[in-house]
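Trainee: what would the 3D arrangement of this be:
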Amino acid sequence: MIPALTLLGLLRPLHVCVGMTGHIGQVGVSVAKLGAGCLTGTRFLETFEILRPAQPSDMGGLRALAGQVLKLRLRAEPGIILRGLVVDDQAGGVIVDMSFGIAVVDAVQHFGLTARDFAPSDLAVELLFLQEAKSSAMAASFSLNSRLNGARLAAETEAMTDGLTGLHNRRALESAMARLGQSDTEYAVLNLDLDRFKQVNDTMGHAVGDAVLLRVATAMRAQTRQDDLLVRAGGDEFVIVCPGLDDRTRLNDLSASLIQAVSAPMQIDGQDVAVGASIGIAVSQSEARVDPETLIARADVALYAAKRSGRGQHVFWSPAMGQSLSELELPEATTQA
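Mentor: Reported below is the predicted structural model:
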């Protein structure tokens, strides 16, 4: 027959046996993990603080609580609240069988407890399993959400990107222009078109043409600011949107640098390749604000004015040019500014 105290230790790992003098005679194996050192031989009421239903000051008061459920805590660990049932041991002492109640998750984390530190039939074990399952599920959900968000971001980025050059595409241009149209930010639109590109494509092949477009994209990145939006609008047509830039002198310098960089001789697959560039520029004006679509149309009109003026130059839009290609006239005053 297993001795009673041994059996108690096996079945109730969170128990404390208190003798008639109020000293602790035996503790369960899990009590020893609660960070209060060796409890055997210490006075129970000096080691534990009973919060309710009463606060006894001696062994008589503690025995009077027999059959009642206590709320108590270790004085060395006041942050963890315990529940305890007081049982009269019929020998002048008591047995206090404890649990952590709803604080079990905090206690497990704080003291490094495992399922073995609880009675096999304790509901705390099931709660721990549920908590672990919940944590695993949340981790899996977070991982899944991260993957989904990453995939969505990648898809959105791909949808806004030109597959050949890595620049933005027309969809990105429309989105950016819509935002600028709703803001008070001044900005400029530069419409850049390559000169003699069709001849390169026709005589040297599309592979060389694609390589030229990649070189042009690289040159555009090198000449523009980080905040500028670089767009391949289609074929050999590019658009640059410059938020916060409406100074004509700076736009003159930028356009001249772009034309020079794009027109620099290049060698592709052992072949000398030369293209040029023409640029039309339209600038937003706070005193005469127009919608983004109109500004892009004006930049397009200015581009064709540049091409009609001999190519390889940049032209600012002016009211004398009209609002569309069908209205375009080419007074001498509208050429390179």
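
Trainee: can you pull out the helices in the chain?
Mentor: Using DSSP state H, the helices of the chain run over residues 4-11, 44-47, 59-63, 104-111, 123-159, 170-181, 197-204, 206-223, 248-263, 292-308.

Trainee: list the buried residues of the third one.
Mentor: Applying a neighbour-count criterion of 16 or more other C-beta atoms under 10 Å, the buried positions in helix 59-63 are 59, 62-63. Quick note: C-beta positions are derived from backbone N, CA and C, even for glycine.

Trainee: could you dump the helices of the chain to CSV with mean pLDDT and distance to residue 34?
Mentor: Formatted as CSV, these follow (pLDDT from 0 to 100; distance: least, C-beta to C-beta, whole Å):
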stretch, mean pLDDT, distance to residue 34
helix 4-11, 72, 16
helix 44-47, 89, 10
helix 59-63, 90, 19
helix 104-111, 71, 6
helix 123-159, 51, 15
helix 170-181, 88, 59
helix 197-204, 89, 79
helix 206-223, 93, 63
helix 248-263, 95, 71
helix 292-308, 92, 68
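
Trainee: closest to residue 92 out of those?
Mentor: Nearest of the helices of the chain to residue 92, taken as C-beta to C-beta: helix 59-63 at 8.0 Å.

Trainee: contacts for the closest one, please.
Mentor: Helix 59-63 is contacted by residues 18, 20-22, 44-45, 50, 54, 56, 86, 88, 92-94 when judged by C-beta atoms under 8 Å, 6 or more residues apart in numbering.

Trainee: and these, which are buried?
Mentor: 18, 22, 44-45, 50, 56, 86, 93-94.

Trainee: for those, which one is nearest residue 189?
Mentor: Closest approach to residue 189 among those (C-beta to C-beta): residue 50, at 77.9 Å.

Trainee: so the closest one makes contact with residue 74?
Mentor: No - using C-beta atoms under 8 Å, residue 50 makes no contact with residue 74, being 11.4 Å away.

Trainee: circling back to that earlier point, lowest-confidence entry in the contacts of helix 59-63?
Mentor: Within the contacts of helix 59-63, pLDDT reaches its minimum at residue 54, with 86.

Trainee: got phi/psi on that residue?
Mentor: Taking degrees, to the nearest 10, you get phi -150, psi 170 for the backbone angles of residue 54.

Trainee: which residue is the nearest non-sequential neighbour of it?
Mentor: Using C-beta to C-beta, 6 or more residues apart in numbering and skipping residues adjacent in sequence, the residue nearest residue 54 is residue 65, 6.5 Å away.

Trainee: pLDDT score assigned to that neighbour?
Mentor: As predicted, residue 65 sits at a pLDDT of 90.

Trainee: for it, what are its contacts?
Mentor: So residue 65 contacts 50, 53-54, 56, 86 (C-beta under 8 Å, 6+ apart).

Trainee: picking that back up, let me know which of the helices of the chain is tucked in deepest.
Mentor: Mean neighbour count (mean count of other C-beta atoms under 10 Å) peaks for helix 292-308 among those, with a mean of 21.

Trainee: and it, what does it pack onto?
Mentor: Applying 3 or more C-beta pairs under 8 Å, 6 or more residues apart in numbering; DSSP states H and E, we find helix 292-308 packed against helix 170-181, strand 187-195, strand 276-283, strand 314-316.

Trainee: quick one: residue 208 and residue 200, what's the gap?
Mentor: 6 Å (C-beta to C-beta, to the nearest Å).

Trainee: ok, and the closest non-adjacent residue to the residue of the chain positioned farthest from its centre?
Mentor: Farthest-out residue of the chain from its mean C-alpha position, per C-alpha atoms, centre = their mean: residue 91, at 64.0 Å. Nearest residue to residue 91, sequence neighbours excluded (C-beta to C-beta, 6+ apart): residue 20, at 7.1 Å.

Trainee: ditto for residue 14
Mentor: With C-beta to C-beta, 6+ apart as the criterion, residue 14 has its nearest non-adjacent residue at 4.5 Å, and that residue is residue 98.

Trainee: distance check, the residue nearest to residue 54 against residue 11.
Mentor: 22 Å.

Trainee: same check on residue 301?
Mentor: Distance from residue 301 to residue 11, by C-beta to C-beta: 91 Å.

Trainee: how about residue 53?
Mentor: Distance from residue 53 to residue 11, counting by C-beta to C-beta: 26 Å.

Trainee: circling back to that earlier point, the residue nearest to residue 14 contacts residue 84, correct?
Mentor: Yes - using C-beta under 8 Å, residue 98 is in contact with residue 84, at 4.4 Å.

Trainee: give me the common contacts of these two.
Mentor: Common contacts of residue 98 and residue 84, defined by C-beta under 8 Å, 6+ apart, comprise residue 72.

Trainee: contacts only, for residue 31.
Mentor: For residue 31, the contacting residues are 13-16, 39, 98, by C-beta under 8 Å, 6+ apart.

Trainee: what do you get for residue 295?
Mentor: By C-beta under 8 Å, 6+ apart, residue 295 lies in contact with 177, 189, 282, 284.

Trainee: which pair in the residues you listed spans the largest distance?
Mentor: Greatest spatial distance in the contacts of residue 295: 177 and 282, 11.8 Å, computed using C-beta to C-beta.
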